[in-house]
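# Predicted model and sequence below, questions to follow.
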Amino acid sequence: MANLTGGERARYVQGMFARIARRYDLMNRLMTAGQDVSWRREVIRRAALPPRGRLLDLGAGTGDLAGEALRQMSGVLAVAADFTLAMMFVGKERSSPRLEWVAADALVLPFPDECFDAVVSGFLLRNVSDLPTALQEQRRVLKPGGRMVALDTTLPPQNLFTPLIDLHLHTIIPAMGRLIAGDAEAYRYLPASTEKFLSAEGLAVRMQAAGFREVGFRRRMFGTVAIHWGNK
């Protein structure tokens, strides 16, 4: 699963999210004890959009981040883009009619250069098959001075909570996935992809290598989640 690369990885991820689309939001609430709602609020605050700015929610899934932007700033033009149509269909049923939906691959974005004031993502980066290209594409579509903000899981430093975190990732989450989403495999992928992904510090280095300036991050939920940001 998490060891797959290239097109094989992309097809696996696309199929997995299509299977769990209708239970995806509920599972996020349960797995994080509702904290993901506050993380998304923070992502949009850190995006620092101008009053009538243009936002791209990339790997949008059901459009939670774009929807949060519309709640925080009524004049924002928000675009939700994802390559899993099933997720977007679920999102369209629930979202504001003001939200624009676009089918898009994070590695080849169908947008011109310098057209967004901010690009945000939630749990996207660890799933892409080519992280440098995904980061470069986000930077390409940002206006000069625009900001990228990413929310994703990360492997926490070893500490007193490590045994409890391992229990949650490897036992509780797959069990919840089986009972609630009917798909334990998809929720075994979560800890596997987290453990294969970069540390929070490592992702910050990759963002700098892609050309982002003033890169920073904050850990959340005992270090298992991080919010990263950087400016073009």
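Great, that's in hand.

# Downstream of the helix ranked longest in the chain, the next helix or strand is which one?
The helix of greatest length in the chain, counted in residues with DSSP state H as the criterion, is given as helix 6-20. Later in the chain than helix 6-20, the nearest helix or strand by DSSP states H and E is helix 24-31.

# contacts for that following helix?
Contacts of helix 24-31 with the rest of the structure, by C-beta atoms under 8 Å, 6 or more residues apart in numbering, involve 17, 20, 36-37, 61-62, 64, 87, 90, 173, 176-177, 180-181, 187, 190. (Glycine included, C-beta is placed from N, CA and C.)

# so what's Thr133 up against?
Counting by C-beta under 8 Å, 6+ apart, Thr133 touches Leu107.

# That one and Arg206: what is the separation?
As judged by C-beta to C-beta, to the nearest Å, Thr133 and Arg206 stand 11 Å apart.

# Return every residue with contacts to both of the two.
Counting by C-beta under 8 Å, 6+ apart, nothing touches both Thr133 and Arg206.

# Buried ones among the contacts of helix 24-31?
Among the contacts of helix 24-31, those that count as buried by neighbour count (16 or more other C-beta atoms under 10 Å) are 17, 20, 36, 61-62, 64, 87, 90, 173, 176-177, 181, 187, 190.

# Adding pLDDT and distance to Ala48, write those out as a markdown table.
Compiled in a markdown table, the buried ones among the contacts of helix 24-31 are given as follows (pLDDT from 0 to 100; distance: C-beta to C-beta, whole Å):
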| residue | pLDDT | distance to Ala48 |
| --- | --- | --- |
| Phe17 | 82 | 29 |
| Ile20 | 86 | 32 |
| Asp36 | 94 | 21 |
| Gly61 | 92 | 23 |
| Thr62 | 93 | 24 |
| Asp64 | 94 | 19 |
| Met87 | 89 | 27 |
| Val90 | 91 | 29 |
| Ile173 | 88 | 33 |
| Met176 | 85 | 35 |
| Gly177 | 80 | 35 |
| Ala181 | 82 | 34 |
| Tyr187 | 85 | 33 |
| Leu190 | 80 | 30 |
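
# Buried residues in the helix or strand of the chain at the bottom of the mean pLDDT ranking, which are they?
Here the helix or strand of the chain ranked lowest by mean pLDDT, DSSP states H and E is helix 6-20, holding a mean of 77. The neighbour-count criterion (16+ other C-beta under 10 Å) identifies 9-10, 12-14, 16-17, 19-20 as the buried residues of helix 6-20.

# where along the protein do the helices fall?
For the chain, the helices identified by DSSP H occupy 6-20, 24-31, 35-47, 64-72, 85-94, 131-141, 162-167, 173-176, 184-196, 200-209, in order along the chain.
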